[in-house]
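Visitor: sequence-free structure coming up:
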């Protein structure tokens, strides 16, 4: 994750431990006491992988910080720049004007990749119709990200 977890037991690795329970203590949760306008979480696969889809489990009953999120896929490691992600690598972006995201998302990918990256930003002028969404800060609240496909 781009920032430290809320506590050590809620580290980034919680989002890839195989546990789909969508409650604390089973999630990767960023320290939300800070005012982060841009955050990311990523997983590097063991090798290049044909990713068919992602199964994403957000923290239940606390989905607002995830509104407006995006997922990217990169075919080579260490090519991601959090401040200017490459649009051709975008695989999904949640429209914050469409309401709050569902606590479970199935995202079609159908691309080769070695890194999957979740980002979320609150740029100047950010607008959302997700009730309770914070317009000036965001965080990571991922309980599980399953990368599904073929080797």
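Guide: Good, I have the coordinates. Every value quoted in this text rests on a predicted model; they were computed, and no experiment measured them.

Visitor: from here on, just use CA atoms for contacts and neighbour counts.
Guide: OK.

Visitor: who's in contact with the most centrally placed residue in the chain?
Guide: Centroid check for the chain by C-alpha atoms, centre = their mean gives residue 118 as the closest residue, at 3.2 Å. By C-alpha atoms under 8 Å, 6 or more residues apart in numbering, the residues touching residue 118 are 40, 41, 42, 69, 70, 71, 72.

Visitor: can I get those residues in JSON lines including pLDDT, secondary structure and distance to residue 130?
Guide: Formatted as JSON lines, those follow (pLDDT from 0 to 100; DSSP: H, G, I helix; E, B strand; the rest coil; distance: C-alpha to C-alpha, whole Å):
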{"residue": "40", "pLDDT": "94", "secondary structure": "strand", "distance to residue 130": "20"}
{"residue": "41", "pLDDT": "96", "secondary structure": "strand", "distance to residue 130": "22"}
{"residue": "42", "pLDDT": "94", "secondary structure": "strand", "distance to residue 130": "24"}
{"residue": "69", "pLDDT": "96", "secondary structure": "coil", "distance to residue 130": "12"}
{"residue": "70", "pLDDT": "96", "secondary structure": "strand", "distance to residue 130": "16"}
{"residue": "71", "pLDDT": "96", "secondary structure": "strand", "distance to residue 130": "19"}
{"residue": "72", "pLDDT": "94", "secondary structure": "strand", "distance to residue 130": "22"}
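
Visitor: show me where pLDDT drops low in the chain?
Guide: 77-80, 82-84, 151 (pLDDT under 70).
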